[in-house]
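>>> 3D, please:
(2 chains)
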Number of protein chains: 2
Amino acid sequence: MPIETAMPTERSMPTEPVLIAGEWCSEPNLGSFSATNPKTREAGSLRYPVSGRATLERALEAATLAARELAHTPPEPIARFLELCAEGLEARAEALVALAHTETGLPREPRLGHVELPRTLGQLRQAARAVRTRAWCQPVLDLELDIRSMFAPLEAPVFVLGPNNFPLAFNAVMGGDFAAAIAAQNPVIAKAHPSLPGTTRLLAEIALHALEQAGLPASSLQMVYHVDPELGLELVADPRVGATAFTGSRRAGLALKAAADRAGKPIYLELGSINPVFVLPGAVRERGQEIAQDLFASCSLAAGQFCTNPGLSVVIDGPETKQFLEWLGRHFQSEPSGCLFSAAAAAHLSASVATLIGAGAELVCGGRERTDGGFGFDNTLLLTSGAQFLANRAALQTEAFGAVHLVVVVGELDQMRQVARALEGSLTGSVYSDRRGSDDAAYRELAEALASRVGRLLNDKMPTGVAVSPAMHHGGPYPATGHPGFTSVGLPASIQRFAVRRCYDSVRQHRLPPELENHNPTGCWRSVDGAWTNQGV
Amino acid sequence: MPIETAMPTERSMPTEPVLIAGEWCSEPNLGSFSATNPKTREAGSLRYPVSGRATLERALEAATLAARELAHTPPEPIARFLELCAEGLEARAEALVALAHTETGLPREPRLGHVELPRTLGQLRQAARAVRTRAWCQPVLDLELDIRSMFAPLEAPVFVLGPNNFPLAFNAVMGGDFAAAIAAQNPVIAKAHPSLPGTTRLLAEIALHALEQAGLPASSLQMVYHVDPELGLELVADPRVGATAFTGSRRAGLALKAAADRAGKPIYLELGSINPVFVLPGAVRERGQEIAQDLFASCSLAAGQFCTNPGLSVVIDGPETKQFLEWLGRHFQSEPSGCLFSAAAAAHLSASVATLIGAGAELVCGGRERTDGGFGFDNTLLLTSGAQFLANRAALQTEAFGAVHLVVVVGELDQMRQVARALEGSLTGSVYSDRRGSDDAAYRELAEALASRVGRLLNDKMPTGVAVSPAMHHGGPYPATGHPGFTSVGLPASIQRFAVRRCYDSVRQHRLPPELENHNPTGCWRSVDGAWTNQGV
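Prediction:
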């Protein structure tokens, strides 16, 4: 997910304002850019500024003050704010969908209006619920020793850098990281994805209005459209920043991680991954045609621009597998390819496909950038053998952020397991097996090899759906993310990224946070002397 | 907590064996060292080897195989192993206490025999309990969407580097990190603290016997005495290592962190800190003499060689405070100083005191290395003003790992708050206030400033006691640790450092781990559709 879709150009044009310290402010001329409509390749008429150090300094100062205030705000106005955000989104749904469509080329319906917008609303409302129930605090009480602990706010701003592929649900404003950071009572400094300036600006307007209505500090959200990458590295390491959340490309994410790590600052990365799909022989026999169709649908959803897009599948050679590959190839060849977010996205796909071919993959179909109409790249299917994959495993795991899929055809189950063991960390791993149980022994061996390499293991299901559920884990081993214990989707777990564990040892009862008081005034679930209860003690 | 207490010396002497792949192996001659008795400054007769890359490579290979096996072992043998460790320790208590005493100079009684040994036993048994109850797994079920998640083993070895100051309870073998890593079903590669080779070897012998009795892989524990620091940096970054736990000095810890971070490997640091103690005016009036005595006792416990040793206290100027300081000074001057672990420890204290004085602190008493008898340093009390502290806050927070204490005398409450806000992250922060409530308004203001700077907030209590309680948090903001969300003491939370979050999406019922099956065969506490229950569904 490249962030360089829009680069600074001319220097002296009037630009749209950024949101700093509760005000919409115009920026000095450090450069500006405009959004590009991916379907027409035309630049929009509005110019957005690139922000510099002075602006970020003001944002940090204001956010630091807001952090103290938010940390001592009771839950109700925080929850109300998140709900008001959802209401504000609903009220401006049409304008938002139109803007997001113009800036991403994603279909208005069903994707933006009936999938992503409801998901974003649901996320905000689940976050509000987690605030009210205090579920994210996970209080632990030891009554005998009078020691109590819980998760508490960072008391410092969270820097959120959003991706381009979910203009609403993962937007740095109103997306999942925003909802989680606010639920933990921390202000957000949002860096819009520069391909989404108009969408992000409208979201910030709605959020600012909701802050006023809820009576929260106006500096609880600040937003810039673009900064020099060097400034981003400074910000993640700034002593005043509590934590950073980044969703995007591995290259940009690891550069930010290095800067944050050196400063001892938590950073949570969601970098996308190859998301392998294993199809066991019984499943190929039983419903190969259906699986081929589902696999193509998952690969080509939003032109493949999903972090959970399946980039690799593994099948065992045989006559049914040849038929399966034929069905799969027919989908890739015959169905139209989708619209990409940017020229850079298409160029990256060209480079990825060249790497895969250079590493020994055989091109079945596709492989070329589209030059007619909007930004695009052919649906691309590649093939390789298990032996070739094992011999060249690093290059053959090159992520191609689009509808580019590599099938590894292995000789037998044992080689399939070797392929599983050769995989880098991924967000997901899917295994298809037949319904009668003939694949069960193979499943056991394969799942054992695969489980430690993926954050989410799926059965008979493609990985592209990431439900906002308390049980969801949208995370996984490095390099899919920066730490295998955290998730960026699913509440309340995602909130705990923006919290500290805090302990109260023999602190007098009237000085405790309400979540830790004996009589449990908040009615939250607590682990008391080893048992969970929502009653007082 | 320096690790260089014992350096390699002569090259061709017979050395004690290391524990690799289930065998006690002799090492090639890469150097050797012996332990020093801190009370006599005499070197022991046994020579211990420095291990090289070849040994670590064998350890990693064996541990990687053991990791797979352990991850698929049922809870009962794991729990039984931890209990057998405790039983083995009890059976060898006398020998262990004698060895630990010889290698550390810590008193046999009550410290080693009646405080630290029972703590170590309790920790191992609590870990066994957490294994049986599965409390560390924290399963989350979404029945409607059929998504389930839980914490699961790393399926990779944990590298544990223990400190010198708790020869049993924090030993790389049998200490808190060992118990937590094993409870999460991961093998341990232990690097003994080189000042504790004999103690650690005996602990490893007991553990190896317990592994055999419990029927676990012998490579579940491997142990070396010392490695070149460069090799340590390689090991934390090795792709086969799951995570690292380090307790010790900031310098060594941050070097390891940098190496682990670059490789995307989790590392958990417990680096000690300054642990400020604030005494409010009412408390000084009400019970100044008692607090002065408690403060000195906490400062001088084990010659101050505790990560939670209070290095700094803050009081408001006034006549009662002058009296308080007099009482405190009398303790520091009149009571005997304890034995330090090494010559290096004494040299570090000299350097720290020089830094503090150079930064404007006034020496009240002490300040000199002891040359008679064992390794030692005078009980040392220093004084500075609030203004001086604020002007030179970095240098005046230099940690002195010993009975060296700096009192900051501030002008008024507001300056006390400024001092609190100027503090680096600490493991603990204590506030003393009077019992009648006259300090309550001051407490509120101070606690608000202090809470975000410490992992554990105490009332009317010194920080040196770190109870092994589920509610304990032995952690805190950087640079006291590497991440504010994790604790190295307190089960089950400390176990989650050595776990990954894993999700099962639509995985067939008979393929789920027992913790996630509908009928809940393990009877563990689970969050099901938002409510905690230990029943099946």
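>>> tell me the contacts of the closest residue to residue A:144 other than its chain neighbours?
Using CB to CB, 6 or more residues apart in numbering or on different chains and skipping residues adjacent in sequence, the residue nearest residue A:144 is residue A:529, 7.4 Å away. Any C-beta I mention is one placed from the backbone N, CA and C, and that applies to glycine too. Residue A:529 makes contact with A:141, A:142, A:143, A:144, B:470, according to CB atoms under 8 Å, 6 or more residues apart in numbering or on different chains.
>>> cool, residue A:112 as well?
Residue A:112 makes contact with A:97, A:100, A:101, A:106, A:167, A:168, according to CB under 8 Å, 6+ apart.
>>> Tell me if the fifth one really is in a helix.
Translated: residue A:167. No. The assignment for residue A:167, made by DSSP: H, G, I helix; E, B strand; the rest coil, is coil rather than a helix.
>>> What ranges does the stretch 1-150 of chain A have for its helices?
If you assign secondary structure with DSSP state H, counting those that start in this stretch, the helices in the stretch 1-150 of chain A sit at A:53-71, A:75-91, A:93-104, A:117-133.
>>> is the first one anywhere near chain B?
What that stands for is helix A:53-71. Yes. In terms of CB under 8 Å from any CB of the partner chain, part of helix A:53-71 sits within range of chain B, namely A:68, A:71.
>>> Would you indicate which residues of that helix are buried?
Buried positions in helix A:53-71, judged by neighbour count with 16 or more other CB atoms under 10 Å in any protein chain shown: A:55-56, A:58-60, A:62-64, A:66-68, A:70-71.
>>> Then the third one?
Neighbour counts over helix A:93-104 (16+ other CB under 10 Å) mark A:93, A:96, A:97, A:98, A:99, A:100, A:101, A:102, A:103, A:104 as buried.
>>> And for stretch A:231-244?
Those buried within stretch A:231-244 under the rule 16+ other CB under 10 Å are A:231, A:232, A:233, A:234, A:235, A:236, A:237, A:238, A:241, A:242, A:243, A:244.
>>> contacts with chain B among these, please.
For chain B, no contacts are drawn from those by CB under 8 Å from any CB.
>>> can you list the helices of the stretch 1-150 of chain A in JSON lines and add mean pLDDT?
Rendered in JSON lines, the data for the helices of the stretch 1-150 of chain A read as follows (pLDDT from 0 to 100):
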{"stretch": "helix A:53-71", "mean pLDDT": "98"}
{"stretch": "helix A:75-91", "mean pLDDT": "98"}
{"stretch": "helix A:93-104", "mean pLDDT": "98"}
{"stretch": "helix A:117-133", "mean pLDDT": "98"}
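>>> Nearest approach to residue B:395 belongs to which of those helices?
Shortest separation from residue B:395 across those is recorded for helix A:53-71, at 24.3 Å, computed as CB to CB.
>>> Compute the inter-axis angle for that closest one and helix A:75-91.
120 degrees (axes from the mean of the first three to the mean of the last three CA atoms, to 10 degrees).
>>> Now that we have the contacts of residue A:529, which of them are buried?
Burial by neighbour count, judged by 16+ other CB under 10 Å, picks out A:141, A:142, B:470 from those.
>>> May I see the residues you listed arranged in TSV, with pLDDT and distance to residue B:391 as well?
Shown next, in TSV, are those (pLDDT from 0 to 100; distance: CB to CB, whole Å):
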residue	pLDDT	distance to residue B:391
A:141	98	42
A:142	98	41
B:470	97	42
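>>> Filter those residues down to just the ones in strands.
Counting by DSSP state E, these place A:141, A:142 in strands.
>>> out of the buried ones among the contacts of residue A:529, who's nearest residue A:454?
residue B:470 (30.3 Å).
>>> Test my guess that that closest one contacts residue A:530.
Yes. Checked against CB atoms under 8 Å, the pair residue B:470 and residue A:530 is within contact range at 6.4 Å.
>>> any residues in contact with both of the two?
With CB under 8 Å, 6+ apart, residue B:470 and residue A:530 have common neighbours residue B:135.
>>> OK, contacts around residue A:320?
A:281, A:284, A:285, A:288.
>>> That one should be in a helix, yeah?
Yes. Going by three-state DSSP, the assignment for residue A:320 places it inside a helix.
>>> got a pLDDT number for it?
Note on residue A:320: pLDDT of 97.
>>> residues from the stretch 101-250 of chain A in reach of chain B?
Taking CB under 8 Å from any CB as the criterion, the contact residues of the stretch 101-250 of chain A with chain B come out as A:133, A:135, A:140-142, A:145, A:147-149, A:151-152, A:154-156.
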